[in-house]
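K.L.:
Below are the sequence and a predicted model for it; my questions follow.
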Amino acid sequence: MPTLLDSPPADGVVRGACPHDCPDTCATLVTVEGGRAVRMAGDPAHPFTAGFLCAKVNRYLERTYHPERLLHPMRRVGPKGSGRFARVSWDEALDEVADRLGTIAASAHGPQAILPYSYAGTMGLVQGGSMDRRFFHALGASQLARTICAEAGTVGMRMTVGANLGADGEGLPQSDLVLLWGTNTLTSNPHLWPFVLRARANGARIIAIDPIRTRTAEQCDQWLAIRPGTDAALALAMMHVLVAEQLVDTDYVARYTLGYDELRPRLEEWPPERAGAVTGLPAEAIRTLARQYGAARAAFIRINYGLQRHAGGGMAVRTIACLPALAGHWRRPGGGVQLSTSAAFRFDTAALQRPDLSPPVRTINMIRLGDALTRPDAGVGGPPVQALVVYNSNPASVAPERGTVRQGLAREDLFTVVLEHFQTDTADWADLVLPATTQLEHWDVHLAYGHLYATLNRPAIAPLGEARPNSEIFRLLAARMGRTIPRLADPIFADDDVTLIRQALRSGHPRMAGVTFERLLADGWARLDVPRPYLPYAEGGFPTPSGRCELWSGRLEQMGLDPLPTYTPPYELPETAPDLAARYPLVLISSPRHQFLNSTFVNIASLRRGAEPECLLHPADAERRGIAVGDRVLVHNDRGAFAAVARVSEGIREGVAWAPSIWWGRLAPDGRNANDTTSQRETDLGGGPVFYDNLVEVSPAGD
């Protein structure tokens, strides 16, 4: 049986998994020659990967063998933020980290003055959330609410259907109507697109609902240019039409939903005319969409996380998630709504992370990192943050209100450690930088949030230079600190990565039956033990308190929120903030560029070639400001500003600006990016970010 000590093969093909924050979680085949990876391809046998990789991961070998890859531990030798470091040994680096963290933990401030900061730089369960969590739990550090991507929508789904578990994309070819709602599928979920095309070949109509005519919307049968943040109003009007025109599946509603009688008066308030005024869509277009949805036999709604990045984001997802139950679309393959499939997986994350090791401690929301680093009580009460340990994230680029984050990182009394592949914007502010392995160099196991296959990642090559897996770095820190902190001397800190994978797989949940380490080792991936296609709610069985799709939610009422689906407007919209909108009249959307995945891949020259920070405007908005294509512009508000090149197209709603992101500051001409303008405010549910709830002005930059 393989162990962590086994060397990767000198030659051959090694099975792996794409580690990035994408629903597709591709199964990969890495060809190794003489100990060097020479080719990385999608597994053609995998039903979802189907033999191809996206434009980004096709460049993964360039990323692994990049000439600027971090290969040795480094200590800061220049001022904070200067990016000047000198090489040190692992022993020196680990001793210093252990000493500094130990001193803080033993101080009057205590271990809660230590803050871990990580997200989905890898989606792997081992390198993303195992030994690191054990370490910080046992240490008693502050906990991090990891909300920066998905939490608002996750809670919205949970309040409605009980879990962030939606329709199976493999059933999509049997759909007769596909709504791609707030999702640029060709960029952010490309392996779903072949299933969409099969649905179209079978007669389905494909409709994009998006403020921007994305590359996906260009390929659809219809583009509905909705105003940002108004999706719940559209869903309410669609439900109004379903009820008014008797397009409701009354049998499904009676058997499997809760609160239909309470919902009907709410829907009477939302005729298409009212929703049209809110969404910017013609009332007749809304009515036609609702009729098509009600007449469909199996309508598939694919929503993505962009539409929940505003004040009412959680409620927007909740409201859309009510639609399939009213129309009965959960009954059939190709019907339902999908935000994620992640809740279908039942790895034993408690065994991996050991939350039981942690004493009661405070929790800091990661999107409020600026406040956490600049306020004496970290913005939540308790001691100031005196140590920040960053891994699998680049907060100096991706966290909102970037100027405040950088102000915090500049504190001389803040000890910052960064585990990284490259010298990112965040690494520039570190006191110590520790080189981490890439996906080709370590073990891991992955769930997916766009399909139902678990995937094993085997190391294909030996670690480059002195890079080490995240898990190993935290093992070594625990061993050092365990000499003075007994909780960190527990034998669980000696578990190797294969042991961790086995622990994750031993949940005993029926859906994990047959998903064993041995099977994954042999085949690389395995489908959960569910039918194909999976119809999670065809006969009810919702994992809600009532066991039904909760059109009325007692849990929301207990939280002091509206128990019925409703429209919660963005914080920054002319109707809700007229004085602000008078100065900053454009809503900025800053979704990732096609070539980037958040801030990952930005430093890959072949992906950055020909690209520069840009801002897309509607022709009327550009003319009003005297802006022409190619002009240098400044995108700004009271929080900050960034420079961009103007693009002008009718493929965006008037009143909206789009600045595809997220550039590293060090690679942008002015050292800034869109997050210089975003805020630290939170969504209605889940404490998520409001990246697209952001009023700005776009002005000519001048000379």
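P.N.:
Perfect, I can see it now.

K.L.:
which ones are touching the nearest residue to Y571 once chain neighbours are set aside?
P.N.:
Leaving out its chain neighbours, the residue that sits closest to Y571 by C-beta to C-beta, 6 or more residues apart in numbering is A311, at 4.4 Å. C-beta here means a position set from N, CA and C on the backbone, and glycine is covered the same way. The contact partners of A311, by C-beta atoms under 8 Å, 6 or more residues apart in numbering, come to G229, T568, P569, P570, Y571, R681, T683, D684, V690, D693.

K.L.:
Same question for M131.
P.N.:
Each residue near M131 by C-beta under 8 Å, 6+ apart is listed here: N470, S471, E472, F474, R475, A478, F493, D495, L500.

K.L.:
and it, how far is that from R354?
P.N.:
Relative to R354, M131 is positioned 10 Å away (C-beta to C-beta, to the nearest Å).

K.L.:
And for D693?
P.N.:
Relative to R354, and taking C-beta to C-beta, D693 is found at 36 Å.

K.L.:
which of those two has more neighbours?
P.N.:
Applying other C-beta atoms under 10 Å to D693 and R354 shows that D693 carries more neighbours, namely 27 against 19.

K.L.:
Where does the more buried one sit: helix, strand or coil?
P.N.:
What DSSP: H, G, I helix; E, B strand; the rest coil gives for D693 is coil.

K.L.:
Check A628 too.
P.N.:
coil.

K.L.:
Over to F493?
P.N.:
Going by three-state DSSP: F493 is helix.

K.L.:
give the contact list for the nearest residue to it once chain neighbours are set aside.
P.N.:
Once flanking residues are discounted, F493 sits nearest to A478: 4.0 Å by C-beta to C-beta, 6+ apart. By C-beta under 8 Å, 6+ apart, the contact set of A478 is M131, R134, F135, A138, L488, A489, F493.

K.L.:
So for this structure, the centremost residue is which one?
P.N.:
Residue closest to the mean C-alpha point of the chain, counted by C-alpha atoms, centre = their mean, is C149 at 3.7 Å.

K.L.:
Pull the number of nearby residues for the nearest residue to that residue once chain neighbours are set aside.
P.N.:
In this structure, C149 finds its nearest non-sequential neighbour in Y305, 5.8 Å apart by C-beta to C-beta, 6+ apart. Neighbourhood size, Y305 [other C-beta under 10 Å]: 25.

K.L.:
Look up the pLDDT of Y305 for me, please.
P.N.:
For Y305, the pLDDT comes out at 94.

K.L.:
which residue sits closest to L447, ignoring its sequence neighbours?
P.N.:
F345 (3.9 Å).

K.L.:
My read is that the one you found contacts A454, right?
P.N.:
Yes: if you go by C-beta atoms under 8 Å, F345 and A454 touch, sitting 6.7 Å apart.

K.L.:
Neighbours of the residue lying closest to P469 once chain neighbours are set aside, how many?
P.N.:
Closest residue in space to P469, ignoring its immediate chain neighbours: H442 at 4.1 Å, by C-beta to C-beta, 6+ apart. Using other C-beta under 10 Å, H442 has 26 other residues around it.

K.L.:
Quick check: H442 vs A350, distance?
P.N.:
22 Å.

K.L.:
same deal with R593?
P.N.:
37 Å.

K.L.:
The residue nearest to L447 - how many residues pack around it?
P.N.:
A count of neighbours around F345, defined by other C-beta under 10 Å, yields 23.

K.L.:
check contacts around it.
P.N.:
F345 touches L447, A448, A454, R511, M512, L528, counting by C-beta under 8 Å, 6+ apart.

K.L.:
of those, closest to E62?
P.N.:
Distances from E62 to these, taken as C-beta to C-beta, are shortest for A448 (24.6 Å).

K.L.:
which SSE is the closest one in?
P.N.:
A448 is part of no helix or strand, with elements assigned from DSSP states H and E.

K.L.:
Could you double-check that it lies in contact with D24?
P.N.:
Yes: using C-beta under 8 Å, A448 makes contact with D24 at a distance of 7.3 Å.

K.L.:
between those two, which one's more packed in?
P.N.:
Taking neighbours as other C-beta under 10 Å, A448 and D24 compare with A448 leading, 26 against 23.

K.L.:
re the thing from before, touching both of A448 and D24, which residues are there?
P.N.:
Here A448 and D24 have F48 as joint contacts, going by C-beta under 8 Å, 6+ apart.

K.L.:
Low-confidence regions, the stretch 301-450 of the chain specifically.
P.N.:
The stretch 301-450 of the chain contains no residues with pLDDT under 70.

K.L.:
just so I have it, where are all the strands in it?
P.N.:
Chain-ordered strands for the stretch 301-450 of the chain, with DSSP state E, counting those that start in this stretch as the definition, fall at 336-338, 363-365, 387-391, 415-420, 432-435, 444-446.

K.L.:
ok now the longest one, how far from the chain's centre?
P.N.:
Averaged C-alpha coordinates place strand 415-420 at 22 Å from its chain's average position (C-alpha atoms, centre = their mean, to the nearest Å).

K.L.:
Report the strands that pair with that strand, each with its relative direction.
P.N.:
The pairing partners recorded for strand 415-420 under DSSP bridges are strand 387-391 (parallel), strand 432-435 (parallel).

K.L.:
right, so of the ones you listed, which gets closest to W90?
P.N.:
Closest among those, using C-beta to C-beta: strand 432-435, at 8.2 Å.

K.L.:
ok, and what's touching that closest one?
P.N.:
Contacts for strand 432-435 (C-beta under 8 Å, 6+ apart): 69-76, 85, 88, 93, 96-97, 416-421, 423, 427, 465-468, 473.

K.L.:
do that again at 6 Å, thanks
P.N.:
For strand 432-435, the external contacting residues (C-beta atoms under 6 Å, 6 or more residues apart in numbering) are L70, L71, P73, M74, R75, A93, V417, V418, L419, A427, A467, I473.
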